[in-house]
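*Asks:* Got a predicted model here, sequence first, then my questions.
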Amino acid sequence: MGSPHRIGIVGLGFISKVYLETLTAAPDVEITAVADLDRARADAVAGALPSARARSVDELVAAADVDVVLNLTIPAAHAEIALAAIAHGKDVYGEKPLAASFADAQEIVRAAKAAGVRVGCAPDTVLGTGVQTARAVVDAGEIGRPVAATAQMVTPGHERWHPNPDFYYQPGGGPLLDMGPYYVTALVQLLGPVTSVIGAGSRLRSERVIASGDRAGERVPVDVDSHVTGILEHASGALSTLTTTFDGTATKAPPIEVHGETGSLGVPDPNHFDGDVSLHALGGSGWTPVAPRAGIAGAARGIGLLDLLRAADGVAPRASGDMGLHVLEIMTGILQSAASGSRVSLATTVERPPLVPFAPLA
Ligand SMILES: NC(=O)c1ccc[n+]([C@@H]2O[C@H](COP(=O)([O-])OP(=O)(O)OC[C@H]3O[C@@H](n4cnc5c(N)ncnc54)[C@H](O)[C@@H]3O)[C@@H](O)[C@H]2O)c1
């Protein structure tokens, strides 16, 4: 094995813990630097990780011992950190969404291409056995020509469990930009790129109350729509209907269903890596389970970054910046349509990355 990929992590909040687990278990990765606005967080992580030094963000993005910057900050900071890393010639992989605005995301992709560095973007859950097995069924023609999909994300809101939920109710947040990346990326994996969207949105309350942690009882303002629904017209002609809400309680609807000329497919939660896929063939006797046949088994957050690190020279990562940009344009297009009342045509497209072969996490 050659020298390890040297990672610097910016943003050491809630989701960093699972990334740290995945990356410290990977034999070809070394975390050399960590940074957070809250220096105590960086000191604590570095104290538990002998390979890593706590640094300021400016030091980390410029550090000679960092090849790739993993950006786990809040959405409003994604672009600033990614662009700083790119300016220092580093590859970047970031949490979703790629940026809080489509213009910022375009700038990240443009700057990375100009600098000759790679950009990866969550979600990587869609590289697990759940969505990949469903895609293998669609690609094999087992539901015939795909006609439509439905996707539903219903929750009463993340302030019930997240100790610092402010960003979920600010521009760059909301149910669509926060949870939509899982569903929209899965829909693009299953049915291909999208050419136009129609959207509508609403807002149940102007404030939310934090339910856990040190700030329990504190109110946070709601500056975005907390219920957003959209129609996605895929280049193939298939139509997806998407609902994302922080204003509902629960749902019994499957996370995603895909309907084709000769069958319907049940797709598990795209916010998880695995889950049950089921197929109802036209004329068949009912829903039958589909055994995993594609995707990384036993995966966790971080596999998209490992895919980027391990991709041969010139091969695009599967959880790519181009995918993140297209998914963000779909979502911001839905919000733009909701505001204007008009259908929005999209400027970007993306090629579906190759199907992930069925294999355990390495
Ligand atoms: N919480 C989840 O379950 C979850 C799941 C998947 C993805 N995500 C995504 O992960 C990202 C982070 O979410 P989180 O829940 O960990 O948030 P968090 O608020 O718990 O952590 C974010 C961290 O980033 C730091 N930070 C913010 N701005 C910074 C800046 N400019 N420079 C350096 N550090 C900065 C904060 O101090 C904090 O430690 C978001 O994009 C979110 O959408 C979260």
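*Replies:* Nice, I can see it.
*Asks:* The residue sitting nearest the centre point of the chain and Gln336: what is the separation?
*Replies:* By C-alpha atoms, centre = their mean, the mean C-alpha position of the chain lies nearest to Pro123, the distance being 2.5 Å. The spacing between Pro123 and Gln336, counted by C-beta to C-beta, to the nearest Å, is 22 Å. Glycine gets a C-beta too; all of them are placed from N, C-alpha and C.
*Asks:* In the stretch 101-250 of the chain, what residue comes closest to the ligand?
*Replies:* Per C-beta to the nearest ligand atom, Asn164 is where the stretch 101-250 of the chain lies closest to the ligand, at 4.7 Å.
*Asks:* My error: substitute the chain in the last question.
*Replies:* Closest point on the chain to the ligand, by C-beta to the nearest ligand atom, is Gly13, at 1.8 Å.
*Asks:* Give the helix, strand or coil label for that residue.
*Replies:* coil (DSSP: H, G, I helix; E, B strand; the rest coil).
*Asks:* I figured it hits Asn164, correct?
*Replies:* Yes. With contact defined as C-beta atoms under 8 Å, Gly13 reaches Asn164; the gap is 7.4 Å.
*Asks:* hey, where'd the strands end up in the stretch 151-300 of the chain?
*Replies:* 194-202, 207-209, 219-221, 227-234, 239-245, 256-260, 263-267, 277-281, 288-290, 296-297 (DSSP state E, counting those that start in this stretch).
*Asks:* by contact count, what packs against the third one?
*Replies:* Counting contacts by 3 or more C-beta pairs under 8 Å, 6 or more residues apart in numbering; DSSP states H and E, strand 219-221 packs against strand 207-209.
*Asks:* need the helices for this structure, in chain order.
*Replies:* In the chain, the helices defined using DSSP state H lie at 16-25, 39-48, 57-62, 75-87, 102-115, 129-139, 174-191, 303-310, 321-340.
*Asks:* out of the ones you listed, deepest packed?
*Replies:* Ranked by mean neighbour count, those are led by helix 174-191 with a mean of 27 (mean count of other C-beta atoms under 10 Å).
*Asks:* and that one, how far from the chain's centre?
*Replies:* 7 Å (C-alpha atoms, centre = their mean, to the nearest Å).
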